[in-house]
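> I would like to see how this sequence folds:
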Amino acid sequence: MSRTRFQRILAIYIIGLAVLVLYFAAHHRVAQSTKKAVSFVSQAIQIRRAYAAVRDEDESSLPVHDHQVIQKSFPLTGEHRSIDIDNVFGSIEVVGGSGNQVELVVDENTRAESKNALALAHKEVNLDITQPDGGLRLYVDGPFRCNCEDGCRGQRRRHDDGYIVKMDFVLHVPSNVDVNVRTVNEGRVVVRNVDGHFMARNVNGDIELDSMAGSGLAHTVNGPVKVTFRRNPQENSSFQSVNGNIDLFFARGLSADFRFKTFNGGIYSDFPVTTMPLQAPTKEERGGKVVFRADRFTAARISNGGPEIKIENLNGDIRILENHE
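All right, here's what the predicted structure looks like:
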């Protein structure tokens, strides 16, 4: 990885951090929120460091290529069916259907600067597949997991090893499953026709959830969030992006309580909305001092209210739309 490329990536994250600090300052939450922002950006830089040159990398710098397709089938035998995918570089697509099997296809592409680097990539980057409690967990492991806070195993190096491994996942699963999926770079997160609880996370890419019938969260940093429900959420749900629009399409008969917050964008709704009073400041005691924290979200109720739908972004519009399909 060239020093110049990394410095450019680092500069982007520093600018992003500065924007977040100004945003939270405008909402009188500097101390606590800045700490969270610094922690988040630090983690993103650690992972990004291993792949910082991906967008700029030309064929001459990584001329050695290797490609393989992994295809496997798994039965889901547990009472609590769940799919967990932890990727770093690449896309994830999960499609719900009938049956009790999971059909997995992984398109793995490796680019390296030499044959030795390619051999090192094959040795160091692995797809761990386990079936805890009858579910399915897919975990992409490698040196880029160094110093992460997600339970990394063993010693990890943090420098560039002259290769890039990208894994794109496509899974066909039973529709009545819970889904927990996440990726970081150069990939979309797409989930379709799933009835269970969902958790979808991305960093540099969009999230699209289509024909959903459960509750959960969809959070990304750089990219839009689009969610279409064929059955409205029955439990609290959360949708976030820093840079991107958030479009939520709800089925007819929506009844929920919404909390909105956007810094540079508008809020639109197809449904009649009743404004709700702001929540009272919360009281905390720290070191013998009393600290009051105000909730800067705008609250609104649709119909008779119901589960809380929390929507937050920094740059982008928030749209509450009716699904006419």
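> what about Ser269, neighbour count?
The number of residues packed near Ser269 is 18, by other CB atoms under 10 Å. To be clear about C-beta, it is placed using only N, CA and C from the backbone, and glycine gets the same treatment.
> With Lys261 instead?
With other CB under 10 Å as criterion, Lys261 counts 18.
> That one contacts Thr298, correct?
Yes. Look at Lys261 against Thr298 with CB atoms under 8 Å: they come within range, at 6.9 Å.
> okay, and the common contacts of the two?
Taking CB atoms under 8 Å, 6 or more residues apart in numbering as the contact definition, Lys261 and Thr298 share no neighbouring residue.
> quick one: Cys199 from Asp84, how far?
Quick fix: residue 199 is Met, not Cys. Going from Met199 to Asp84 by CB to CB, to the nearest Å gives 9 Å.
> Am I right that Ala117 falls within a helix?
Yes. When DSSP: H, G, I helix; E, B strand; the rest coil is applied, Ala117 is found to be in a helix.
> ok, it to Val69 distance?
Relative to Val69, Ala117 is positioned 22 Å away (criterion: CB to CB).
> more crowded one of the two?
Neighbour count, other CB under 10 Å: between Ala117 and Val69, Ala117 has more, with 19 against 9.
> pLDDT wise, what is that one at?
pLDDT, the model's per-residue confidence, is 93 for Ala117.
> show me what contacts it?
With contacts defined as CB under 8 Å, 6+ apart, Ala117 is in contact with 64, 161-163.
> can you tell me which of those lies nearest to Gly134?
Gly134 has its nearest neighbour among the contacts of Ala117 in Tyr163, at 35.0 Å by CB to CB.
> Give the buried residues for the helix or strand harbouring His122.
Assigned by DSSP states H and E, His122 falls within helix 115-124. Taking 16 or more other CB atoms under 10 Å as the basis for neighbour counts, the residues of helix 115-124 that come out buried are 117-118, 120-121, 124.
> on that earlier part again, what sits in contact with each of Met199 and Asp84?
With contacts defined as CB under 8 Å, 6+ apart, the residues adjacent to both Met199 and Asp84 are 180-181.
> Point to the residue nearest the middle of the protein.
Note on the chain: the residue nearest the mean C-alpha position is Arg201, at 1.3 Å, using CA atoms, centre = their mean.
> residues contacting that one?
Taking CB under 8 Å, 6+ apart, one finds 181-183, 189, 207, 217-220 in contact with Arg201.
> partner residues bridging it?
Applying DSSP bridges to Arg201 yields these beta-bridge partners: Arg182, His219.
> Check what pLDDT it gets.
Arg201 is assigned 98 on the pLDDT scale.
> how far away is it from Ser241?
Per CB to CB, Arg201 is found 11 Å from Ser241.
> Common neighbours of these two, please.
With contacts taken as CB under 8 Å, 6+ apart, Arg201 and Ser241 have 219-220 as neighbours in common.
> Please state the backbone phi and psi of the closest residue to Gly96 other than its chain neighbours?
Take Gly96 and drop its neighbours on the chain: the residue closest to it by CB to CB, 6 or more residues apart in numbering is Ser175, 3.3 Å away. The phi and psi values for Ser175, taken as degrees, to the nearest 10, are phi -70, psi -30.
> right, and Ser175 touches Ser98 too?
Yes. With contact defined as CB under 8 Å, Ser175 reaches Ser98; the gap is 7.2 Å.
> follow-up on the earlier one: how about the contacts of Ala117, which pair is most distant?
The most widely separated members of the contacts of Ala117, counting by CB to CB, are Val64 and Asp161 (13.0 Å).
> how close does Val273 get to Gly162?
Distance, Val273 to Gly162, by CB to CB: 54 Å.
> Quick one: the helices in the stretch 1-150 of the chain, in order.
Taking DSSP state H, counting those that start in this stretch as the criterion, the stretch 1-150 of the chain carries its helices at 3-26, 30-50, 115-124.
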